[in-house]
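Trainee: Build me a structure from this.
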Amino acid sequence: MGLVPASQKFLTDPDTGVFKRELSKLFNGELRNLQNLRNYASLMDQTIETYWCETFPECDSEVEIGLGSWIFDFLSRSMGAMFWGEDGPFEDDKFRNHLRLFIQNLETLRNPIPWLIPFELRSARKVGVTLFERLDFLYKSLEIPREGFTDCHLVAIVGLMSNVINIITWAFCEIVADSELLVSLLAEIEATVDASSPNPAIDVDQIRRSCPLLLATWYELLRTYGDSPVARGVHEDSVFDNKYQLRKGSIIMTPIHLHNFSIDIWGEDAAIFRPSRFLQNGEVRQDLVKHLNVFGLPGMHQCPGRYLGMNLTLGMLAKALLAFKFTPTPGEPLGRGTLPARKDTMLGLSALSRDPSVIVRRREGIRAVHLNFDNVRPGW
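Mentor: All right, here's what the predicted structure looks like:
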């Protein structure tokens with residue numbers, strides 16, 4: 001991947017090392033603070049609305065898009081404004097496209113023979129990044145050499161953005177591919193807002209309380225797509241469970257996929273995407289939710305963005321489904337219920353192996369949909 005020695009040293013620092021502990025502390029302080037969450041999410045909602053107004057200037061606007069690239073573009077632009085400021089590089093279309101290529105092709109970029117990597121991907125790797133000042137301060141305080149800053153910044157971008165963008169992208173694919181699910185979700189969301197208003201407002205905490213199918217869809221997304229193994233390095237010879245000898249330098253992989261697809265827990269149809277498995281008598285089954293094994297390992301290393309990820313996913317799905325009609329283009333496999341294959345990204349959630357072609361049209365009578373994050377609570 002072309003990481004410089006300075007960044008290799010710090011990015012392979014043990015979990016108990018100063019760099020990893022301070023980075024975890026910084027992100028937990030930023031992303032688990034409810035007031036920060038409200039502020040970040042509100043800014044993101046405003047930025048997305050601006051983007052959609054540019055893309056769909058008229059009430060009856062209709063655009064044919066690549067669903068995956070469209071979602072990546074508006075989410076990366078809004079998340080860039082949220083974390084790195086509205087004057088940052090994420091306003092640049094070319095930068096966002098390079099970033100998408102980089103994030104979705106890390107496996108290819110690992111090729112040790114540079115000339116086997118397509119030029120388009122090699123050029124994406126060379127994009128410079130300017131991030132928020134607090135990360136700069138952390139790197140300087142730990143005496144990370146300046147030449148390692150760009151790699152560490154890219155890791156921050158990837159960690160903050162890629163999983164949220166990918167799970168929302170898979171959500172749209174699953175919903176657009178299943179017309180019955182789409183109709184049911186839309187009816188549930190419309191029941192929580194003033195459907196007669198051209199500018200309906202959605203209380204994100206209310207849809208979390210009043211839209212059990214939407215919440216079940218979130219949990220099913222976590223189960224079926226949040227199944228990437230968590231890797232941990234062994235830094236000294238040790239014995240696990242008084243049985244297994246772990247040698248220094250080896251890597252342990254947690255088999256999350258086997259757990260999240262176990263028929264003993266999820267039923268004979270564990271391999272398919274079915275949100276209703278989480279519902280019973282119109283309510284979410286907490287006895288199943290507790291079996292979800294996602295967001296990394298418990299403790300310091302559990303994903304600090306899990307609250308933000310949940311509220312953004314629920315809010316963005318509700319906002320988009322109220323604002324637009326999504327129709328697969330003629331001949332698009334999504335229209336037959338066939339989703340793209342998964343593509344490994346080395347970053348957690350897989351990406352799309354191809355970009356489905358979809359026609360997006362503003363719903364009649366809807367000018368803008370606004371999200372209200374004032375009442376969001378902890379939890380996922």
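Trainee: buried sites along stretch 332-342?
Mentor: By 16 or more other C-beta atoms under 10 Å, the buried positions in stretch 332-342 come out as 332, 334, 335, 339, 340. To be clear about C-beta, it is placed using only N, CA and C from the backbone, and glycine gets the same treatment.
Trainee: List the buried residues in the strand or helix carrying residue 208.
Mentor: Assigned by DSSP states H and E, residue 208 falls within helix 204-210. Using 16+ other C-beta under 10 Å as the test for burial, helix 204-210 gives 204, 205, 207, 208.
Trainee: do stretch 242-254 as well
Mentor: For stretch 242-254, a neighbour-count test (16+ other C-beta under 10 Å) marks residue 246 as buried.
Trainee: Endpoint to endpoint, it covers what distance?
Mentor: 18 Å (C-alpha to C-alpha, to the nearest Å).
Trainee: Report the mean confidence score over that stretch.
Mentor: For stretch 242-254, the mean per-residue pLDDT is 80.
Trainee: Now for residue 246: which residues touch it?
Mentor: By C-beta atoms under 8 Å, 6 or more residues apart in numbering, the residues touching residue 246 are 234, 237, 238, 239, 240, 252.
Trainee: so which of those is the most crowded?
Mentor: With neighbours defined as other C-beta atoms under 10 Å, the most crowded of those is residue 234; it has 15 neighbours.
Trainee: Could you measure from it over to residue 242?
Mentor: 16 Å (C-beta to C-beta, to the nearest Å).
Trainee: again, but for residue 259
Mentor: Using C-beta to C-beta, we find residue 259 at a distance of 23 Å from residue 242.
Trainee: For the helix holding residue 208, name the packing helices and strands.
Mentor: Here helix 204-210 touches helix 306-323, going by 3 or more C-beta pairs under 8 Å, 6 or more residues apart in numbering; DSSP states H and E.
Trainee: So which elements touch the helix it packs on?
Mentor: Applying 3+ C-beta pairs under 8 Å, 6+ apart, one finds that helix 306-323 contacts helix 34-55, helix 149-177, helix 179-190, strand 201-203, helix 204-210, helix 212-225, strand 370-372.
Trainee: at 6 Å instead, please
Mentor: Packing partners of helix 306-323 (3 or more C-beta pairs under 6 Å, 6 or more residues apart in numbering; DSSP states H and E): helix 149-177, helix 204-210.
Trainee: by how many degrees do it and helix 34-55 diverge?
Mentor: Inter-element angle recorded for helix 306-323 and helix 34-55: 30 degrees (by axes from the mean of the first three to the mean of the last three C-alpha atoms, to 10 degrees).
Trainee: CA atoms only: put helix 306-323 into PDB for me.
Mentor: The C-alpha trace of helix 306-323 is given here as PDB (Å, rounded to 0.1, in the frame of the first residue of the first chain):
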ATOM      1  CA  ARG A 306     -21.900   2.900  17.000                       C
ATOM      2  CA  TYR A 307     -24.400   5.400  18.400                       C
ATOM      3  CA  LEU A 308     -23.700   7.800  15.500                       C
ATOM      4  CA  GLY A 309     -23.900   4.900  13.000                       C
ATOM      5  CA  MET A 310     -27.300   3.800  14.200                       C
ATOM      6  CA  ASN A 311     -28.900   7.200  14.300                       C
ATOM      7  CA  LEU A 312     -27.400   8.200  10.900                       C
ATOM      8  CA  THR A 313     -28.600   5.000   9.200                       C
ATOM      9  CA  LEU A 314     -32.100   5.200  10.600                       C
ATOM     10  CA  GLY A 315     -32.300   8.900   9.800                       C
ATOM     11  CA  MET A 316     -30.800   8.700   6.300                       C
ATOM     12  CA  LEU A 317     -33.100   5.800   5.300                       C
ATOM     13  CA  ALA A 318     -36.200   7.600   6.500                       C
ATOM     14  CA  LYS A 319     -35.200  10.900   4.900                       C
ATOM     15  CA  ALA A 320     -34.400   9.300   1.500                       C
ATOM     16  CA  LEU A 321     -37.500   7.100   1.400                       C
ATOM     17  CA  LEU A 322     -39.700  10.000   2.100                       C
ATOM     18  CA  ALA A 323     -38.000  12.300  -0.400                       C
END
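Trainee: What distance do you get for the closest residue to residue 359 other than its chain neighbours to residue 344?
Mentor: Nearest residue to residue 359, sequence neighbours excluded (C-beta to C-beta, 6 or more residues apart in numbering): residue 327, at 4.6 Å. Going from residue 327 to residue 344 by C-beta to C-beta gives 30 Å.
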